[in-house]
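K.L.:
Sharing a model that was predicted from the sequence below.
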Amino acid sequence: MSSLASENRAPGAAAGASGHKLAWHRATEEPAWLRRVLIGVALSFLALFLVLPLTVVIYSAFEQGLKVWYDAIVEPDAAAAIRLTLLVVVIVVPLNLVFGVVAAWAIAKFEFRGKSVLITLIDLPFAISPVVVGLIFVILLGSQGWLGPWLASHEMRIIFAVPGIILVIAFGTLPFVARELIPLMQQQGKEEEESSLTLGANGWQTFWRVTLPNVKWGLIYGVILCNARAMGEFGAVAVVSGRIRGETNTMPLHIEVLYNEYMFTAAFAVSSLLAALAIVTIAVKSFVEWNDERAQGAAGLTGLTRKTP
Amino acid sequence: MAFARRQQSVIPGFGITLGFTVFYLGFLLLIPIAGLLLYTAQMSWDDFWRAVSNRQVVASYKLSFGASFIAALINLVFGAIVAWVLVRYQFTGKRIVDALVDLPFAMPTAVAGIALVTLYAPTGWIGQYLDVFGIRIAYTQLGVVVALTYIGLPFVVRTVQPVLEDLDKEVEEASAIMGANRLTTIRRVILPALLPALLTGFALAFARAVGEYGSVIFISGNLPFRTEITPLLIVAKAEQYDYPGAAAIGTVMLLTAFVLLLIINGLQWWTSRRYR
């Protein structure tokens, strides 16, 4: 009986070992036909919603050959959109990286009142519609907004220009590094840092040699996710960019323009770059999780896998 | 002596890291959000009410909230099945399937949008077969549901999965030993244990769907009164420089987001109390 209820995942082997030929399946498992049906339902659902859209992007991008794909990407407006997107990322990702590390340090290593409020605030950009994020900055900095007249008198243009795009993307991708690091650093506690400091290392040395190596993989995933979401941000940028071709169109906006002009192959060619980035992102995530599991296995720990998206 | 007095840890940097965090959040999040709320507060009640309650806007609320609810329900059912299959069963390629679940979270919404409309258009890979039966997805309200299901897909799976992994198998064994059949065990033991996680995932998927823009606007076709979602109206009004109109609807969306965030925090607190 005990082997019937064991953790062993192979039902046949378990039943065979205990000699219960009558047990078709263990009482804590579903019959084989039901298992097959459930796996079939799950895989069909994922094929329909995940695999097919991805396949259609790649297929449509290369449908007319590599040359057409290449031409669509090096075409001046597309190249300008790619350059602008990269420029935005080069500014936004380091900002939110520093913010994420600093916020995680404050939250994970110290106790203070209002901590849960602070964590909720960091999550706030997840809850707000990207379109509302764009609107918030138009109201604050646009020509008819709070600071519009002052900005105009100083000949500064933020809305319908690159600074506005940077602001809304920084807002939208603010949580990613912090959210990845906070649980990781909380879980690791502060004993190692305390030993390092007691042994005479200063704060910086402790951070670089103790804390950072411990959270390295979480940090890398946070940065890559932040990067992917920054490059793909659409709704907020659509409100503040003004869609000036070759000037304030990021890659997603350029895709929209191409699609609305019925240049489907070109739209999918630019999309294929962003889709490739998304695949790299989820590949890094799996690698990080796999690494975690191995480290935990080696340390004899179970559970505690980080699964939140 | 100094040790005994200092309750605080020896770890340095509390003041500067907390200060920077609050400063960054203040300038990037709080002041701009306050700006929108103040802008709306300046409007007269009548202007505000007219902006948020005209027929076109009300039609968009119905679509946005209704389609988000249906999409979150679809994700609740299928997300639970996917999480169950990924945790409890073994099959080839499981690791890749598990990784793929995060795809909608990493995929830019505009890319998802044009991919979905291409699939479901009457000439598309899926649309052409549905067309035979007279089912139209692209440019209808069904299309909005499809797009919102896509972007909400990871949430239920990823909130249920860790809870299911930590679920004590012994309770299921006890239930089986005491004579419950598998269905009774699932209904009376497993589902109640998963309930907080299921509701959290549902709420996360719903909240994400209500505000979604990029993946919807291509497949919806944006027909006034029929397939216009609320975020689209905000963009349209902002593009026509109708800032008060956009701000009024934006404030409604923002307050909705706050309420949903509170509910989600409550659900997460309930979940963590249940399991730790």
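P.N.:
Everything's here; your move.

K.L.:
list the contacts for the closest residue to chain B within the stretch 1-150 of chain A?
P.N.:
Of all residues in the stretch 1-150 of chain A, residue A:129 sits closest to chain B, at 2.7 Å by CB to the nearest CB. In this view, the C-beta of every residue, glycine as well, is placed from N, C-alpha and C. Applying CB atoms under 8 Å, 6 or more residues apart in numbering or on different chains to residue A:129 gives the contacts A:235, B:210, B:211, B:212, B:213, B:231, B:234, B:253, B:257.

K.L.:
can we see that at 10 Å?
P.N.:
Residues near residue A:129 by CB atoms under 10 Å, 6 or more residues apart in numbering or on different chains: A:135, A:235-236, B:64, B:207-208, B:210-213, B:229-231, B:234, B:250, B:253-254, B:256-257.

K.L.:
With residue A:287 instead?
P.N.:
So residue A:287 contacts A:217, A:220, A:221, B:99 (CB under 10 Å, 6+ apart).

K.L.:
which non-adjacent residue is nearest the third one?
P.N.:
When the adjacent residues along the chain are set aside, residue A:221 lies closest to residue A:288, with 4.7 Å between them (CB to CB, 6 or more residues apart in numbering or on different chains).

K.L.:
quick revisit: sort out which of the contacts of residue A:287 are buried, if you could.
P.N.:
Among the contacts of residue A:287, the ones that count as buried by 16 or more other CB atoms under 10 Å in any protein chain shown are A:217, A:221, B:99.

K.L.:
Dump these to TSV, plus secondary structure and distance to residue B:246.
P.N.:
Formatted as TSV, the buried ones among the contacts of residue A:287 follow (DSSP: H, G, I helix; E, B strand; the rest coil; distance: CB to CB, whole Å):
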residue	secondary structure	distance to residue B:246
A:217	helix	42
A:221	helix	36
B:99	helix	39
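
K.L.:
in what helix or strand does residue 80 lie?
P.N.:
Using chain A. Element membership for residue A:80 (DSSP states H and E) is helix A:76-109.

K.L.:
was after chain B, sorry
P.N.:
Per DSSP H and E: helix B:55-88 holds residue B:80.

K.L.:
now, among the contacts of residue A:287, which is nearest to residue B:222?
P.N.:
Nearest to residue B:222 among these, counting by CB to CB, is residue B:99 at 33.7 Å.

K.L.:
measure that closest one to chain A for me?
P.N.:
For residue B:99, the distance to chain A equals 4 Å [CB to the nearest CB, to the nearest Å].

K.L.:
Give me the pLDDT for residue A:201.
P.N.:
pLDDT, residue A:201: 89.

K.L.:
tell me, how many neighbours does it end up with?
P.N.:
Residue crowding around residue A:201 was assessed by other CB atoms under 10 Å in any protein chain shown; the count is 16.

K.L.:
Does it touch residue A:195 like I think?
P.N.:
Yes. Between residue A:201 and residue A:195 there is a contact at 9.3 Å, judged by CB atoms under 10 Å.

K.L.:
hey, what's in contact with both of the two?
P.N.:
Counting by CB under 10 Å, 6+ apart, the residues touching both residue A:201 and residue A:195 are residue A:210.

K.L.:
give me the residue from the stretch 201-309 of chain A nearest chain B.
P.N.:
Relative to chain B, the nearest point of the stretch 201-309 of chain A is residue A:232 (2.7 Å; CB to the nearest CB).

K.L.:
ok, and the closest non-adjacent residue to that residue?
P.N.:
Of all residues beyond its chain neighbours, the one nearest residue A:232 is residue B:108 (2.7 Å), with distances taken as CB to CB, 6+ apart.

K.L.:
got it, and residue B:125?
P.N.:
Spatially, and ignoring its direct neighbours in sequence, residue B:125 is nearest to residue B:119 (5.3 Å; CB to CB, 6+ apart).

K.L.:
how much space between residue A:265 and residue A:84?
P.N.:
Distance, residue A:265 to residue A:84, by CB to CB, to the nearest Å: 22 Å.

K.L.:
more neighbours, those two?
P.N.:
Comparing residue A:265 with residue A:84 by other CB under 10 Å, the one with more neighbours is residue A:84, at 21 against 17.

K.L.:
Count the residues that sit near the closest residue to the more buried one other than its chain neighbours.
P.N.:
In space, and not counting its chain neighbours, residue A:84 is closest to residue A:250: 5.6 Å by CB to CB, 6+ apart. Neighbour count for residue A:250, taken as other CB under 10 Å: 31.

K.L.:
Look up phi and psi at residue A:250.
P.N.:
Dihedral pair for residue A:250: phi -80, psi 180, per degrees, to the nearest 10.

K.L.:
so what's it up against?
P.N.:
Contacts for residue A:250 were tallied using CB under 10 Å, 6+ apart; they are A:80-89, A:162, A:165, A:169, A:230-234, A:237-238, A:241, A:243, B:108, B:110.

K.L.:
Would you pull up the residue in the stretch 1-150 of chain B closest to chain A?
P.N.:
residue B:108 (2.7 Å).

K.L.:
That residue contacts residue A:277, correct?
P.N.:
Yes. If you go by CB under 10 Å, residue B:108 and residue A:277 touch, sitting 8.3 Å apart.

K.L.:
and the direction of the strand or helix carrying residue A:71 versus that of helix A:76-109, what angle?
P.N.:
For residue A:71, the host element (DSSP H and E) is helix A:65-74. Angle, helix A:65-74 to helix A:76-109, by axes from the mean of the first three to the mean of the last three CA atoms, to 10 degrees: 70 degrees.

K.L.:
Give the next helix or strand downstream of the helix-or-strand element of chain A with minimal mean pLDDT.
P.N.:
Of all helical and strand segments in chain A, the minimum by mean pLDDT, DSSP states H and E falls on helix A:11-18, at a mean of 43. Moving toward the C-terminus from helix A:11-18, the first helix or strand encountered (DSSP H and E) is helix A:32-46.

K.L.:
what about residue A:139, neighbour count?
P.N.:
Residues near residue A:139, counting by other CB under 10 Å, number 28.

K.L.:
Kindly report the same for residue A:76.
P.N.:
9.

K.L.:
Assess the claim that it and residue A:247 are in contact.
P.N.:
No. Taking contacts as CB under 10 Å, residue A:76 lies outside contact range of residue A:247: 11.5 Å.

K.L.:
For residue B:199, which non-adjacent residue is closest in space?
P.N.:
Take residue B:199 and drop its neighbours on the chain: the residue closest to it by CB to CB, 6+ apart is residue B:267, 5.4 Å away.

K.L.:
Next, the contact list for the one you found, please.
P.N.:
When contacts are counted by CB under 10 Å, 6+ apart, residue B:267 touches B:159, B:195, B:196, B:197, B:198, B:199, B:200, B:201, B:202, B:203, B:204.

K.L.:
Quick check: pLDDT value at it.
P.N.:
For residue B:267, the model assigns a pLDDT of 91.

K.L.:
how far away is it from chain A?
P.N.:
13 Å.

K.L.:
Out of the buried ones among the contacts of residue A:287, the closest to residue B:114 would be?
P.N.:
Comparing the buried ones among the contacts of residue A:287 against residue B:114 with CB to CB places residue B:99 closest, at 23.4 Å.

K.L.:
With adjacent residues omitted, what lies nearest to the closest one?
P.N.:
Spatial nearest neighbour of residue B:99, excluding adjacent residues (CB to CB, 6+ apart): residue A:286 at 4.1 Å.
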